[in-house]
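Enquirer: with the sequence up front, the predicted model follows.
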Amino acid sequence: MKKVLIPVLLLLALGMSARGQQPLPLYMRTDAPLEERVEDALQRLTLEEKVALCHAQSKFTTPGVARLGIPELMMSDGPHGVRAEIEWNSWDYAGWTNDSITAFPALTALAATWNPEMSARYGKAVGEEARYREKDVLLGPGVNIYRTPLNGRNFEYMGEDPCLAGEMVVPYIRELQKNGVAACVKHYALNNQEQWRGSVDVAVSERALREIYLPAFRKAVVEGGSWTIMGSYNRYLGQHCCHNEVLLNDILRKEWGFDGCVITDWGGAHDTREAALNGLDIEMGTYTNGLTSESVFGYDQYYLATPYLEMLRRGEVPMQTVDDKARNILRLIFRTSMNPDRPWGSLCTEEHYAAAKAIGDESIVLLRNDGILPLETDGSGQILVVGDNATRRLTDNGGSSELKPRRTISPLEGLQALYGDRISYTRGYACGRPLYERVEEVSPETVDSLRREAVARARKADVVIYIGGLNKNAYQDCESTDRQSYDLPFHQNELIEALLEVNPRLIVMNISGNAYAMPWAERVPAILHASYLGSMGGASIADVISGRVNPSGKLPYSIPYRLSDCAAHASGDPAQYPGIERGEQEGAPIPGSFLDSGSDPQVTYAEDILVGYRWHDTKKIPARYAFGHGLSYTTFDYGKPEVSSGRLNAGEGVHIRIPVTNTGTRDGMEVVQLYIGDDRCSVMRPLKELKHFKKVLVRAGESVDVEFTITEQDLRFYDETTRSWVAEAGTFKAYVGSSSSDIRRVVPFRY
Ligand code: GLC
């Protein structure tokens, strides 16, 4: 409907002006500079209209100004595709028949490609689908740092390293917004767990905030140009992030120059005065838990609704605050819903499926292979597929990122398409239903009978492909709950051991958005690791297993041997995860509101900047599989680097050129990673930190020169005393390698 109405309005207005009638109001003139349109519209608004812009009118929309022909804003989740239509004012799905879409891989999969071109293809495709579904804001991408493998939402984010997440988020945003659809980078900031997400107060050093948790958001805003950003539920410095003076006023607006809109997470607003003064523009989902609980309050009772209007009228907060908010919202509307130049979008095209497939292909990580892979399709042996994840599409559940895909290919279907009747299947294990606060235990009889059936059939098979891992039910990879164990659920370890006993030719194909314990890893001939791959997932998995695709994914997060090897869990102190409950939170929880714990919880990031591989390297605690690890069906040799200079002078760069040779028999892609280490510094620094990477295709037997330029910016750390970025003179090393633990060349230089 909107598709037609706005252009008609505009044409009418143009038509009138063409006939010498009323001139087109400036704010409607799309040839006028954006800021002039904003100011012209602003001065036409009443106070009530300005306040109305600042809060929801339904679950996923905000009002425009009907009197002036300024349209509403339609929002939808993301980030892995356009979520099915939700009813106007409930969490129920509307049951439309025209809203099934392409399900793209999870953002952890996108990160695992280490390929910014894949991010650009992703943003273009998902942006076209959001545009076609007439959405003005797509609620994603997420770039919260992977601090603990127990975080239920890691699958929606881009891993443990700020450089990787920052490089990979920018193209997605830029290409998405070319469709006239706003990205909404989320959740700003420090939303690194789901436990107590609605109120947990995160205690973290400013240095770790600046060096680890903010850089990807900064790149999303400064380089990606994100038109909106979503405040997170949690608190920082005791103040909710959706109206946090330091994060929003000081850093986002003043330091980064953000000119977009700050939107709450659904239910993230808790105070009118703070919301008025601390940079919040649009309040959504208040008094709900952002997923299921309903509000007992109407939209007029939102913090930025009547309570705000009355404060303004009483002069208790400056009128400037509502003008600033209205400006940001009008700017968003002119960029999106009132932008007549935006394309029309498209849905479920072959191009979109091809993008989903290509991203999936490049995201799968080959962790281990003794030569059993690739499993050629021209063989004759019988292949038994075991595992519950072989038949799941894994696009539904998981929380707000769940999707209604029009087409999906399960791993079993993908394998059957390539191997035909060589494939047989048995479930192997069943999943317990998620109950409140725990997961139902599967009956021992069921566990036993499924396992015995799988073992009996594995005994006779030539090869067994085990497809398990996690799924998107509560307490696995799922919003609003964290995992309760680092182990695979549903007795999968015992099943894998039992299969190994009777058939050593076992390939483990894990599907999960998180790391997990692998006690059997050294005895399994091959292990593949994939996140949730969306519509084309089964085709990607089958193509990698068969060798039609040479795997090139690299881990975007470390896989520790055990949970206690992970920085957030090393001390075993609950204060460091999930945090401690300090007692009554000021102000009793509002009934139906989203204060999921009135207990005033606080979590302390005591590991500071030593997150992920930074911890493993510096504390010399090797991970089972390191950040950046991923094998290929070929091999690569790193030749002697050519270095432009042994000294890096301020304002200049040190150029490094590395010849990378494919020493195997098949073409392959390699991700060459460059880490920088500071030999001596006045503050503690990790052994090394990722600063550059490049993914290159190298034909069999050929070489490619990979070039990097190291700049002074790559040497800096955040100095809390001067509150500035500093590079100290001294000696440094450039570590060039195939992973954070597979360093092939080291180049020393001075600064
Ligand atoms: C949810 C999520 C957020 C999502 C929003 C709307 O609670 O935290 O990522 O975009 O609410 O569904």
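Expert: That came through, no problem. All values reported here derive from a predicted model rather than from experimental measurement.
Enquirer: how about low-confidence regions in the protein?
Expert: Scanning the chain for pLDDT under 70 picks out 1-20, 295, 584-598.
Enquirer: just give me the neighbour total for whichever residue of the stretch 151-300 of the chain sits closest to the ligand.
Expert: At 2.5 Å from the ligand, residue 290 is the closest residue in the stretch 151-300 of the chain, using C-beta to the nearest ligand atom. Every C-beta, even on glycine, is put in place using the N, C-alpha and C of the backbone. If you count neighbours by other C-beta atoms under 10 Å, residue 290 ends up with 21.
Enquirer: tell me the SS of the spatially closest residue to it that is not a sequence neighbour?
Expert: Closest residue to residue 290 in three dimensions, ignoring its sequence neighbours and counting by C-beta to C-beta, 6 or more residues apart in numbering: residue 266, at 3.7 Å. Of the three states, residue 266 takes coil according to DSSP: H, G, I helix; E, B strand; the rest coil.
Enquirer: and what of residue 673?
Expert: Residue 673 carries the three-state label strand when classified by three-state DSSP.
Enquirer: please apply the same query to residue 573.
Expert: From three-state DSSP, the assignment for residue 573 is coil.
Enquirer: that one contacts residue 606, correct?
Expert: Yes. Applying C-beta atoms under 8 Å, one finds residue 573 in contact with residue 606, separated by 7.5 Å.
Enquirer: so these two - more neighbours on which side?
Expert: Shown here are residue 573 and residue 606; by other C-beta under 10 Å, residue 606 has more neighbours (18 against 12).
Enquirer: is it true that the residue of the stretch 151-300 of the chain closest to the ligand touches residue 230?
Expert: No. Applying C-beta under 8 Å as the test, residue 290 and residue 230 come out as separate, 10.7 Å apart.
Enquirer: mutual contacts of these two, please.
Expert: For the pair residue 290 and residue 230, residues contacting each of them under the criterion C-beta atoms under 8 Å, 6 or more residues apart in numbering are residue 265.
Enquirer: Three-state assignment for residue 416, please.
Expert: In the three-state summary, residue 416 is assigned as helix, counting by three-state DSSP.
Enquirer: grab the nearest non-local neighbour of it.
Expert: Distances taken as C-beta to C-beta, 6+ apart place residue 423 nearest to residue 416, at 5.0 Å, with adjacent residues excluded.
Enquirer: then residue 666?
Expert: residue 634 (5.0 Å).
Enquirer: quick one on the thing from earlier: for the residue nearest to residue 416, grab the count of nearby residues.
Expert: The number of residues packed near residue 423 is 19, by other C-beta under 10 Å.
Enquirer: buried residues in the helix or strand hosting residue 362, which are they?
Expert: Here residue 362 sits within helix 350-363, counting by DSSP states H and E. Neighbour-count burial for helix 350-363, with 16 or more other C-beta atoms under 10 Å as criterion, is recorded at 352, 353, 355, 356, 357, 358, 359, 360, 361, 362, 363.
Enquirer: other SSEs contacting it?
Expert: With contacts defined as 3 or more C-beta pairs under 8 Å, 6 or more residues apart in numbering; DSSP states H and E, the secondary structure elements packing on helix 350-363 are helix 107-113, helix 116-132, helix 537-546.
Enquirer: tell me how far residue 151 lies from residue 513.
Expert: Using C-beta to C-beta, to the nearest Å, we find residue 151 at a distance of 9 Å from residue 513.
Enquirer: and the stretch 201-350 of the chain, which residues reach the ligand?
Expert: Applying the criterion C-beta under 6 Å from any ligand atom, the portion of the stretch 201-350 of the chain that neighbours the ligand consists of 265, 266, 290, 291.
Enquirer: in the stretch 1-150 of the chain, what residue is nearest the ligand?
Expert: Taking C-beta to the nearest ligand atom as the measure, the stretch 1-150 of the chain has residue 139 as its residue closest to the ligand, at 3.6 Å.
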